[in-house]
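Engineer: let's see this in three dimensions:
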Amino acid sequence: MTEHVILVHGDLLTKERVDSVRNSRKIEHTPKNRLQYVVFLPGLFHYKMACADALWRTYIHPKEGREDENSLYQHIGILRPDETGKMVSKPGFRRVHDVVHHDIWASMLDCWRLEAESRNTEWSTLERFAASKPVWEDIINMSHVIMKKFIATTQDLDAARERPPLQRDKRFENQTLRNRDELLYIDLCQAMNTGDIGRVEASFLPWIHMFKATGKHKYASQMSRFLTNLQFNYPVALSNIVRMNLLCNPTGKPFAFRAVDWVVERNNLYTKVIFRGGGPNGTLDHIIKESPLIEVYRNCHVTMENAFHLQHRTIRHAAPDMTKTIQKLAARIKQKNPHTKKEGRSALHSIPDQIAVGMALIQEQKVVSEEDAGTFELDADDFID
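Structural biologist: Got it, this is the predicted structure:
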């Protein structure tokens with residue numbers, strides 16, 4: 001075993017158990033007995049859940065920011081009017097994931113509208129801009145300009161917030177900061193779906209800072225330790241092996257890469273919930289005994305469903321048509337006009353730049369709170385993508 005390694009994927013609890021076993025074997029004489037061949041890899045599905053939880057702690061959970069008319073909580077009243085109470089208590093991963101996507105879609109539509117109108121006054125709507133059939137080079141150029149205008153950076157945000165109150169636009173500051181954080185999450189999701197492990201690795205550092213600032217200290221320390229090992233401590237060959245095994249593609253289809261821990265959790269769903277048995281059969285011994293047959297059971301179900309042409313055969317539902325809802329939210333954003341600078345405009349709550357806060361805490365080695373109580377609970381809808 002000294003010539004090989006075993007890659008172990010899991011969440012923070014798995015990591016703690018691996019560390020506990022290693023600590024109990026420190027006095028052993030050989031690397032094999034010390035379990036040095038075990039290389040722990042943080043599950044990227046749980047990492048993505050932690051990122052969504054960090055956004056929830058920043059933009060939805062704080063009470064002082066909910067009443068602001070341009071807050072994410074107010075946008076949730078349009079996107080999910082029947083779930084505003086649930087979104088501030090125990091929303092679950094899927095709700096936060098969808099809200100972040102839909103909110104940034106509406107925000108980016110408003111940014112594109114403003115940029116198009118600034119280039120040609122006849123392009124007062126995106127429909128008119130699309131009717132002009134812009135070339136691809138113009139689209140790329142406009143996207144770069146939008147990024148500079150409407151996406152906050154720590155340096156520019158610090159400079160803006162140091163100005164006198166009458167020269168500040170707190171609503172614009174909050175909006176551009178939320179655009180940045182939501183786009184960081186969208187970029188992570190797309191990178192994982194496409195299997196772009198380089199972009200996934202590049203996302204670690206800003207999210208480590210956000211974990212630190214939002215009280216997720218265990219995730220911050222573990223991801224920081226993993227990133228340091230990956231880039232500096234591991235041999236080059238081992239680092240490449242780790243990178244190539246953080247994601248997998250169970251179906252072999254494009255844009256269908258999944259984190260290994262997602263596959264494990266999905267198998268747990270079928271093993272412990274769907275095919276666990278009922279009544280007196282729902283015992284631990286029965287679950288262990290039947291676990292090797294899970295794929296056989298699933299194939300039997302698929303065969304019968306195909307034979308009888310049954311519908312609604314999986315947990316994957318058709319995506320809801322959010323066109324009208326997004327248009328309604330985009331109209332509200334246009335009305336509130338948060339993407340246009342207006343000196344002296346205030347907001348009820350100034351959202352902290354969690355990346356800057358996290359950087360400061362790491363440099364000062366401070367822990368502001370011990371709220372690291374895990375992330376969202378899992379349900380069947382979390383395994384849709």
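Engineer: can you give me the strands for the stretch 1-150 of the chain?
Structural biologist: 6-10, 38-42 (DSSP state E, counting those that start in this stretch).
Engineer: quick one, which of those is packed in tightest?
Structural biologist: strand 38-42 (a mean of 19; mean count of other C-beta atoms under 10 Å). Glycine gets a C-beta too; all of them are placed from N, C-alpha and C.
Engineer: so how far is residue 185 from residue 55?
Structural biologist: Distance of residue 55 to residue 185, computed by C-beta to C-beta, to the nearest Å: 6 Å.
Engineer: need the overlap of contacts for those two.
Structural biologist: By C-beta atoms under 8 Å, 6 or more residues apart in numbering, residue 55 and residue 185 have these common neighbours: residue 100.
Engineer: alpha carbons of the helix or strand of the chain with the lowest mean pLDDT, as PDB, please.
Structural biologist: Lowest on mean pLDDT, DSSP states H and E among the helices and strands of the chain sits helix 294-307, with a mean of 83. Extracted in PDB, the C-alpha atoms of helix 294-307 (Å, rounded to 0.1, in the frame of the first residue of the first chain):
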ATOM      1  CA  ILE A 294     -30.400  -1.700  -5.800                       C
ATOM      2  CA  GLU A 295     -29.400  -1.400  -9.400                       C
ATOM      3  CA  VAL A 296     -31.300  -4.600 -10.200                       C
ATOM      4  CA  TYR A 297     -34.400  -3.300  -8.600                       C
ATOM      5  CA  ARG A 298     -34.100   0.000 -10.500                       C
ATOM      6  CA  ASN A 299     -33.600  -1.900 -13.800                       C
ATOM      7  CA  CYS A 300     -36.700  -4.000 -13.100                       C
ATOM      8  CA  HIS A 301     -38.800  -0.900 -12.500                       C
ATOM      9  CA  VAL A 302     -37.500   0.800 -15.700                       C
ATOM     10  CA  THR A 303     -38.200  -2.400 -17.700                       C
ATOM     11  CA  MET A 304     -41.800  -2.600 -16.500                       C
ATOM     12  CA  GLU A 305     -42.400   1.200 -16.900                       C
ATOM     13  CA  ASN A 306     -41.100   1.100 -20.500                       C
ATOM     14  CA  ALA A 307     -43.200  -2.000 -21.300                       C
END
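Engineer: show residues contacting it.
Structural biologist: Helix 294-307 is contacted by residues 267, 270, 271, 275, 310, 313 when judged by C-beta under 8 Å, 6+ apart.
Engineer: redo those as JSON lines? Include secondary structure, pLDDT and neighbour count.
Structural biologist: As requested, these are exported to JSON lines (DSSP: H, G, I helix; E, B strand; the rest coil; pLDDT from 0 to 100; neighbours: other C-beta atoms under 10 Å):
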{"residue": "267", "secondary structure": "helix", "pLDDT": "86", "neighbour count": "14"}
{"residue": "270", "secondary structure": "helix", "pLDDT": "84", "neighbour count": "16"}
{"residue": "271", "secondary structure": "helix", "pLDDT": "86", "neighbour count": "17"}
{"residue": "275", "secondary structure": "coil", "pLDDT": "81", "neighbour count": "17"}
{"residue": "310", "secondary structure": "coil", "pLDDT": "71", "neighbour count": "11"}
{"residue": "313", "secondary structure": "coil", "pLDDT": "58", "neighbour count": "11"}
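Engineer: for residue 169, state which of those residues is nearest.
Structural biologist: residue 267 (50.1 Å; C-beta to C-beta).
Engineer: who's in contact with that closest one?
Structural biologist: Applying C-beta under 8 Å, 6+ apart, one finds that residue 267 lies in contact with residue 294.
Engineer: for residue 275, see how far away it is.
Structural biologist: 10 Å.
Engineer: where does the stretch 1-150 of the chain have low pLDDT?
Structural biologist: 1-2 (pLDDT under 70).
Engineer: residue contacts, residue 156?
Structural biologist: For residue 156, no contacting residues are found, by C-beta under 8 Å, 6+ apart.
Engineer: can you say which helix or strand has it in it?
Structural biologist: helix 154-161 (DSSP states H and E).
Engineer: can you show me the helices along the stretch 1-150 of the chain?
Structural biologist: 12-24, 44-59, 72-79, 84-87, 93-119, 126-131, 136-150 (DSSP state H, counting those that start in this stretch).
Engineer: quick one: the second one to helix 12-24, angle?
Structural biologist: When you say that, I think you mean helix 44-59. 120 degrees (axes from the mean of the first three to the mean of the last three C-alpha atoms, to 10 degrees).
Engineer: now do helix 44-59: which elements does it pack against?
Structural biologist: Contacts defined by 3 or more C-beta pairs under 8 Å, 6 or more residues apart in numbering; DSSP states H and E place helix 44-59 against helix 93-119, helix 170-194, helix 197-213, helix 217-228, strand 258-259, helix 260-269.
Engineer: save these as a markdown table, and put in distance to residue 148 too.
Structural biologist: Shown next, in a markdown table, are these (distance: least, C-beta to C-beta, whole Å):
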| stretch | distance to residue 148 |
| --- | --- |
| helix 93-119 | 10 |
| helix 170-194 | 11 |
| helix 197-213 | 18 |
| helix 217-228 | 28 |
| strand 258-259 | 32 |
| helix 260-269 | 35 |
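Engineer: just so I know, which of the strands of the stretch 1-150 of the chain lies nearest residue 191?
Structural biologist: That would be strand 38-42 among the strands of the stretch 1-150 of the chain, by C-beta to C-beta, at 15.2 Å.
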